[in-house]
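A.B. asks: Got a predicted structure here, sequence first:
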Amino acid sequence: MTTRRHGHDREELCDAGTQIYERALREGRVSGEEAAAAPCLIDFGLLHPAVDDLNRLEPVAPAVALHRLLRASEDRIAEERRREERLAETFAGLMRIQGRPAEIEGSATIRVLSGMERINQVITEAMADATQEVLSIQPYNNARSEAAAAVALERDQALLDRGGRIRTLYQHTQRHAPLVMARYEQLRGDVEARTLDEVTERLIVVDHAVAFIPASKDRTLALDVRNPALVDYFVTTFHRLWRLATPMHPETVKRPTLNGITPRQRAIASLLVEGHTDAVIADRLGMNIRTARVHIAKLAATLGSESRAQLGYLIGRSGILDQEAPASPAPPSLRAPQAPRPL
C-alpha cells in the first residue's frame, strides 16, 4: 500500500528531493536540515547518516539505490501474484457450490493455467472426478518424461477402474514410440487408440464437460475450457478425426500400399504438391527432416522423377492422391458419440 508524504506517493521522488540528491552526489553530503525538506529521500534510502557526524547525510550510489528499489518493486509484484493465486483458489471452491445463479455459473468458463505443474494439477483434479470418458489428441511433439508418463498412467488407470473409457489419437509416427507402446502394455480396461498422418494440437476432453488446450507454443500456458458449446465443438472435431483414423490399439490395422506407394509417401506427396518445404513436411507429419527426405527420395524413385519440379508433375499425373485405402471397420467396442447438449 502506498502512503502520501510531503504531497506525493511514497514510490515517487519529488522535484525537491531530486535536486537535493543531485547536490549530495556532487558534494558528497548534505545537512540534516536540507534533507528535511524532502522526506522521500530517507524513505527511498537515498541518504544515510555519516558515521562521524549524525547530522550530516551522505548519498547512496545511484546504481545501488536503483537495484534496491527495483528489487522491492519485484517483491511487491510477486506478493500481488501470490495474492491472486490465493484468491483464485479460494473462489474456485466457492464457485463449485451447488445452487448458485446461472449467470454466475457461466462467468468463468475459460481460464488460463500457467506452468506445467499447475496445468497437470488441474488435469489430474478433473480426471479424479471423471466417471465416463476421456478423449485426447496427442501430437508427435508431446514429449513426456518417464515420471510424467507414470503420473498420467496412474490417473488414466484410475478412470478405467471406475468403468470409464479412454480414446486417444496419435500421429502415425507414434505407433512404435517406446512410451506409447509401454502405456498400452500396462493399461487395463476400455481403452483404444488410433493414428493419423496429421492431427491437431494437444486436446484433452474430460466427461464432455471440460477441455484443455495449449495457449502457447511451448505449452507452459493452457486454457481450461468449460463452456458447453466449445466443449461440444471439440468433441465433434475429435469424433470426425477418429472416424478417419487407423486403429492402433487394441487391434492394429496396417494401412495398405497402393501401386508401390506407401501411405506415408501418399501423405508426403499431398504436401509436396502444395509446395511445402522438406522442413514443413517433416513438422506436419511428425518426423525429422532426414526421415522426410528419405521418403521423398523413395517416392521420386518409384515415380521415376529426376528433379523436385518433375516430381510434383508426376505425382499429379500418377493419380496417387485420388486413391483411397479401404476403410477400416470400427471396432465393436466403439460407442456412438453422445448427443450434443441443447444450446
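C.D. replies: Alright, I've got the coordinates. Numbers count the residues shown, from 1 in each chain.

A.B. asks: how about stretch 45-57: buried residues?
C.D. replies: 46-47, 56-57 (16 or more other C-beta atoms under 10 Å). Placement of C-beta: from N, CA and C, glycine included.

A.B. asks: repeat for stretch 210-228
C.D. replies: Neighbour-count burial for stretch 210-228 [16+ other C-beta under 10 Å]: 210-215, 221-222, 224-226, 228.

A.B. asks: And the average pLDDT for that stretch is what?
C.D. replies: Averaging pLDDT along stretch 210-228 gives 91.

A.B. asks: now swap in stretch 114-130 and tell me
C.D. replies: Mean predicted lDDT for stretch 114-130 stands at 90.

A.B. asks: By mean pLDDT, flag the weakest helix or strand of the protein.
C.D. replies: helix 102-105 (a mean of 44; mean pLDDT, DSSP states H and E).

A.B. asks: Next secondary structure element downstream of that helix?
C.D. replies: strand 110-114 (DSSP states H and E).

A.B. asks: What strands flank that following strand, and is each parallel or antiparallel?
C.D. replies: Using DSSP bridges, strand 110-114 pairs in its sheet with strand 221-225 (antiparallel).

A.B. asks: And the following helix or strand past the strand it pairs with, what does it pack against?
C.D. replies: Later in the chain than strand 221-225, the nearest helix or strand by DSSP H and E is helix 228-244. Counting contacts by 3 or more C-beta pairs under 8 Å, 6 or more residues apart in numbering; DSSP states H and E, helix 228-244 is packed against strand 133-138, strand 165-171, strand 190-196, strand 203-206, strand 210-214.

A.B. asks: domains for the protein, by residue range?
C.D. replies: Annotated domains of the chain cover 4-60, 109-249, 263-322 [automatic domain parsing].

A.B. asks: Mind putting these into CSV with distance to Thr90?
C.D. replies: Rendered in CSV, the data for these read as follows (distance: least, C-beta to C-beta, whole Å):
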stretch, distance to Thr90
domain 4-60, 28
domain 109-249, 14
domain 263-322, 42
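
A.B. asks: Distance to Leu196 for the buried residues of stretch 210-228 - can I get that in JSON lines?
C.D. replies: Converted to JSON lines, these look like this (distance: C-beta to C-beta, whole Å):
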{"residue": "Val210", "distance to Leu196": "24"}
{"residue": "Ala211", "distance to Leu196": "19"}
{"residue": "Phe212", "distance to Leu196": "20"}
{"residue": "Ile213", "distance to Leu196": "18"}
{"residue": "Pro214", "distance to Leu196": "18"}
{"residue": "Ala215", "distance to Leu196": "23"}
{"residue": "Leu221", "distance to Leu196": "26"}
{"residue": "Ala222", "distance to Leu196": "22"}
{"residue": "Asp224", "distance to Leu196": "26"}
{"residue": "Val225", "distance to Leu196": "22"}
{"residue": "Arg226", "distance to Leu196": "27"}
{"residue": "Pro228", "distance to Leu196": "27"}
